[in-house]
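**Q** Need a 3D model of the following:
(2 chains)
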Amino acid sequence: MTDARRTGKPILTVEEVSLSFGGVKALQGVSFDVREHEIRAIIGPNGAGKSSMLNVINGVYHPQQGTIAFKGRRRHDVDPHEAALQGIARTFQNIALFRGMTVLDNIMTGRNLKMKCNFLQQALYWGSAQREELEHRAKVEEIVDFLEIQHIRKTPVGRLPYGLQKRVELGRALAAEPTMLLLDEPMSGMNLEEKQDMSRFILDVNDQFGTTVVLIEHDMSVVMDLSDRVVVLNYGRKIADGTPDEVRANPAVIDAYLGVAH
Amino acid sequence: MAEQLPDTFPRLLLHQAKTRPDRPAFREKDLGIWQTWTWTQVADEVRALACGLASLGFKRGDNLAMIGDNRPRLYWAMCAAQTLGGVAVPMYQDAVAQELSFPLQDAGIRYAIVEDQEQVDKLLEIRDQCPQLAHILYDDPRGLSHYTQPGLQSLDAVMQAGRDWHARKPAFFVDEIARGRPDEVAVMLYTSGTTGKPKGVCQTHTAFIRAAESGCKFDRLRPEDNILSYLPMAWVGDHLFSYAQAMYVGFTVNCPESGDTVMTDMREIGPSYYFAPPRVFENLLTQVMIRMEDAGRLKRGMFHYFMKVARRCGAEIIDGKPVGLADRLLYALGNLLVYGPLRNVLGMSRIRVAYTAGAAIGPDLFRFYRSIGVNLKQLYGATETCAAVCLQPDRQIKFDTVGPPAPGVEVKIADGGEVLVRGDILLKEYYKRPDATAEALDASGYFHTGDAGYFDADGHLKIIDRAKDVGKLAGGALFAPNYIENKLKFSPYIREAVAFGPGRDRVCAFVNIDMGAVGDWAERRNLAYSGYTDLAQKNEVYELVRECVEKANAELAADPMLSESQVHRFLILHKELDPDDDELTRTRKVRRGLVAQKYAVLIEALYSGKTSQFIETQIRFEDGRTGKISADLRIAEARTLGADAARSAA
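**A** Model (predicted):
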């Protein structure tokens, strides 16, 4: 699968990023890059700093040291709104959807940044507001079709099983038409079949829309199958970086996962 | 419809495009919106497909496979193949790769049109077994952009090539259609192959057009009718309803968005003509019942009250039989408050004609739909007969017969009880299987269905069993085990039954209770039990099953041909019959011989008049270990009715 895709120049570069919360050092001098159209995995044992890294990338956390360059723009930190405007979308480890709203409405919220009409125009649903709504709805339908969730379009999200909620969350992230997609444990709590489905969707997103994907995942077989390159973190430090095969053979990684006698 | 309609499917298409150019022919829900193609547009699309196939070298006599869910383009591909004098070979879309390998090789498929990546992957997996498969054309390009296998192309590209071809040779399409002959094979449908290898059933244009014609005239189908096409395209029923009849009458075929959205799509379309196997009707009913149990007390009370009214007089009203004024008024009120809204929820508000076939339908289930005002009927047929041997006429509905022979079809009962069929609707042959063809089609042109049945007093055919299972009791009366077992299994409390009788003086049976239904029943009565074996041997459960058996006996007694088949004695088995113990096939059909051999002691006990029998059986657990299970089984008597008593009761 992976050899058929062409990856391009680095789109995101993380340099010497350090982040600490009081005395806890979540990230210490981490550097890596993500290339265009790549599927890049961040792995590591619990507490290794993976989610912190994602949060730094889309601006939820502001690192004390280091820089991030996205699409060639170097910056020290950024806020999430700005990150979204630049084309970074994400999903969360714990599903963060509006449970009382339907699947369609939830995905529609992902289009929020692209809506130009103001509140009053939308409330009246007239003229340009109506046209705009229809355009966005058409886009949302493409996503519904892509993720094969036609049968639940009008179901409130709270009534859906976990695996489908995860898919809806991916749908909302895709609605923003991102250049880069951050996925925080997209397969946690899923059974084998759901994992296979989700893997296929991630590959298809990457393939069909050319979206760059950065993902955190615990299921090693999934990570090794999906990703082009893998970064391994342990206690906030990068201990390995390379193709799945290289990482698998790296003694430091084996130690971190299996533990060494102290 | 007095004028003579065209005699091949491509000519029918041109005819529809000429007579009703702007009427909707096909609809498909895509991206949340129903897309429509008129007959003119369909003719254009078929032309592009046919010319595109021709540009790839498809020629007369070639077979074209289509694999996928019900998509308009796959139906059009059938017509495109027929335009070029080829044969459409729809295959089951949910078959795994290995199962597709046999029909692909058998039919010598060189061209396959498939729906999406899933089907492409399957074909690529078995490609080395099917070296002749040169062209795989896919409808939905998603996920396929990096595939570089030779012969793999998108249908869009082929249709574009077809449009270019047409621009260069504008006469080609009509010329090809003019060359077609009605006695050429139009479609090949594979039998399910429960016994041995699947066989390709070759049907001519004439056969399916005659079958379509008789059904359409019989039920007065109109171009304004709508049908929802959601059953496998490889199945003869779907081919008759969604292709042959649609082409013949010109009604609208609606393709659902996906397999999971059928319920919603059905409500949106509101088909006027509908077809489903019994299990679909059963699932719908179960969903309704579950939702009603969750409803508020007022709604639930209203539902149950009016369902009682419907049971009492609903079926009679739809059959046009006399019903008292009070019941009529109550039914009208019920229609306003319950039946109407219920039909609406089920998407059945506009149904004029609905059919079920493929398996025996339980009388309660059948009556339920009829009593809420859905004109549900049964039909009988097989792949070899274009599905259309017998149809139930409106207002002459019986739940245990399949109606009189359709117009133009001759049905005869052979000496052994086997149903024989003759008419235009018969298969031409089994593909490359002269031996099987000779076996099924006799010298005088009758097709041997393998089903046993007989005509009742009104001339309606009653199918009772597979001919090979039918035997005779010692007294010479007919013994049809499946028929008796189905009667027993229509009770929700009985999961499996095995009837014994050939060569004996009377019928006895083994019964498996339905653990879910009987368990629930026991709980509501505060009846404690430790497991299946314990529950099965409870006195109360025996009483419950006895009632079910006696109800079945009453129905059997009412039929003079089968009144000897009443069950005299029965026992409830100490274990559930299980495919892991080889007692059932994987499709849950009883292996009679094996069960009779394994439980010979029990059969002897049934016939010797004992009241209980000890048995020890070896069983195999799911993990492969074996264990023993033993019990003292009670044997119970069931009341039977004399033929005279039954007649006066009936």
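**Q** so B:Phe490 touches B:Asp364, yeah?
**A** Yes - contact between B:Phe490 and B:Asp364 holds when scored by C-beta atoms under 8 Å: they sit 7.0 Å apart. In short, each C-beta sits where N, CA and C put it, glycine included.
**Q** more crowded one of the two?
**A** Neighbour tally, B:Phe490 and B:Asp364, criterion other C-beta atoms under 10 Å in any protein chain shown: the higher count belongs to B:Phe490, 18 against 13.
**Q** What sits closest to that one if chain neighbours are left out?
**A** Leaving aside its sequence neighbours, B:Phe490 sits nearest to B:Gly362 (C-beta to C-beta, 6 or more residues apart in numbering or on different chains; 4.3 Å).
**Q** Now for the one you found: which residues touch it?
**A** Taking C-beta atoms under 8 Å, 6 or more residues apart in numbering or on different chains, we find B:Gly362 in contact with B:Pro278, B:Glu282, B:Phe490.
**Q** mind redoing it with 10 Å?
**A** B:Pro278, B:Phe281, B:Glu282, B:Leu285, B:Phe368, B:Phe399, B:Asn486, B:Lys487, B:Lys489, B:Phe490, B:Ser491, B:Pro492 (C-beta atoms under 10 Å, 6 or more residues apart in numbering or on different chains).
**Q** Quick check: pLDDT value at it.
**A** Looking at B:Gly362, its pLDDT is 80.
**Q** same deal with the one 3 residues further on?
**A** Residue-level confidence at B:Leu365 comes out at 87, pLDDT.
**Q** Kindly report the same for the one 4 residues further on.
**A** Model confidence at B:Tyr369, given as pLDDT, is 94.
**Q** That one and B:Arg343 touch, don't they?
**A** Yes - under the criterion of C-beta atoms under 10 Å, B:Tyr369 makes contact with B:Arg343 at 9.4 Å.
**Q** which residues do those two both contact?
**A** With C-beta under 10 Å, 6+ apart as the test, B:Tyr369 and B:Arg343 both reach B:Ile351.
**Q** More neighbours: which of those two?
**A** Legend: neighbour count by other C-beta under 10 Å for B:Tyr369 and B:Arg343, higher for B:Tyr369 (24 against 19).
**Q** Spatially, what comes nearest to that one if we skip its sequence neighbours?
**A** For B:Tyr369, the closest residue by C-beta to C-beta, 6+ apart turns out to be B:Leu376, at 4.3 Å.
**Q** For the one you found, give me the pLDDT.
**A** On pLDDT, B:Leu376 comes in at 94.
**Q** Can you name the residue of the stretch 351-500 of chain B nearest chain A?
**A** Going by C-beta to the nearest C-beta, chain A is nearest to B:Ile351 of the stretch 351-500 of chain B, at 22.5 Å.
**Q** what number of residues lie near that residue?
**A** For B:Ile351, using other C-beta under 10 Å, the count is 20.
**Q** what's it in contact with, if anything?
**A** Per C-beta under 10 Å, 6+ apart, neighbours of B:Ile351: B:Asn226, B:Gly270, B:Pro271, B:Ser272, B:Tyr273, B:Tyr274, B:Arg343, B:Tyr369, B:Gly373, B:Val374, B:Asn375, B:Leu376.
**Q** quick one: which of these is most hemmed in?
**A** When neighbours are taken as other C-beta under 10 Å, the top entry among the contacts of B:Ile351 is B:Leu376 (27 neighbours).
**Q** That one contacts B:Ile361, correct?
**A** Yes - in terms of C-beta under 10 Å, B:Leu376 counts as a neighbour of B:Ile361; the distance is 8.6 Å.
**Q** Next, the residue in the stretch 51-200 of chain A that chain B sits nearest to: secondary structure please.
**A** In the stretch 51-200 of chain A, no residue comes nearer to chain B than A:His151, which is 3.6 Å away by C-beta to the nearest C-beta. Using DSSP: H, G, I helix; E, B strand; the rest coil, the structure places A:His151 in helix.
**Q** Nearest residue to it in space, please, no chain neighbours.
**A** Nearest residue to A:His151, sequence neighbours excluded (C-beta to C-beta, 6+ apart): B:Asp260, at 3.6 Å.
**Q** Just to be sure, B:His239 is in a strand?
**A** No - checked against three-state DSSP, B:His239 lies outside a strand; its state is helix.
**Q** ok, how many other residues are close to it?
**A** When counting by other C-beta under 10 Å, one arrives at 28 neighbours for B:His239.
**Q** before we move on, back to that, for the contacts of B:Gly362, which single residue is the most surrounded?
**A** In terms of neighbours by other C-beta under 10 Å, the contacts of B:Gly362 top out with B:Lys487 at 28 neighbours.
**Q** gap between it and A:Leu192?
**A** 42 Å (C-beta to C-beta, to the nearest Å).
**Q** Just the buried positions in the longest strand along chain B, please.
**A** Identified as the longest strand of chain B according to DSSP state E is strand B:626-637. Within strand B:626-637, the residues that count as buried by 16 or more other C-beta atoms under 10 Å in any protein chain shown are B:Ala631, B:Leu633, B:Arg634, B:Ile635, B:Ala636.
**Q** For the helix or strand containing A:Asp204, give the mean pLDDT please.
**A** Element membership of A:Asp204, judged by DSSP states H and E, is helix A:192-204. Taken as a whole, helix A:192-204 has a mean pLDDT of 91.
**Q** what's next to that helix, contact-wise?
**A** With contacts defined as C-beta under 10 Å, 6+ apart, helix A:192-204 is touched by A:1-2, A:5, A:39, A:146-148, A:161-164, A:166-167, A:170-171, A:174, A:181, A:183, A:186-191, A:211, A:213, A:215, A:217, A:219, A:221-222, A:225-227, B:117, B:142-143.
**Q** Chain A: helices as residue ranges?
**A** With DSSP state H, the ranges of helices along chain A come out as A:50-57, A:80-85, A:103-109, A:119-124, A:128-146, A:162-175, A:192-204, A:220-226, A:244-249, A:251-258.
**Q** Ok, the stretch 101-250 of chain B next?
**A** Using DSSP state H, counting those that start in this stretch, the helices of the stretch 101-250 of chain B run over residues B:117-125, B:155-168, B:172-179, B:205-218, B:236-238, B:246-249.
**Q** right, so those: which one is the most enclosed?
**A** Most buried of these, by mean neighbour count (mean count of other C-beta atoms under 10 Å in any protein chain shown): helix B:246-249, with a mean of 26.
**Q** if we can go back for a sec, for the longest strand of chain B, packing partners?
**A** For strand B:626-637, the packing partners by 3 or more C-beta pairs under 10 Å, 6 or more residues apart in numbering or on different chains; DSSP states H and E come out as strand B:507-513, helix B:532-536, helix B:539-557, strand B:567-572, helix B:600-608, strand B:612-620.
**Q** Could you take those and lay them out as JSON lines, with extra columns for distance to chain A, mean neighbour count and mean pLDDT?
**A** Below are the helices and strands packed on strand B:626-637 laid out as JSON lines (distance: least, C-beta to the nearest C-beta, whole Å; neighbours: other C-beta atoms under 10 Å in any protein chain shown; pLDDT from 0 to 100):
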{"stretch": "strand B:507-513", "distance to chain A": "31", "mean neighbour count": "24", "mean pLDDT": "94"}
{"stretch": "helix B:532-536", "distance to chain A": "29", "mean neighbour count": "19", "mean pLDDT": "91"}
{"stretch": "helix B:539-557", "distance to chain A": "36", "mean neighbour count": "19", "mean pLDDT": "93"}
{"stretch": "strand B:567-572", "distance to chain A": "37", "mean neighbour count": "23", "mean pLDDT": "94"}
{"stretch": "helix B:600-608", "distance to chain A": "42", "mean neighbour count": "16", "mean pLDDT": "92"}
{"stretch": "strand B:612-620", "distance to chain A": "26", "mean neighbour count": "14", "mean pLDDT": "85"}
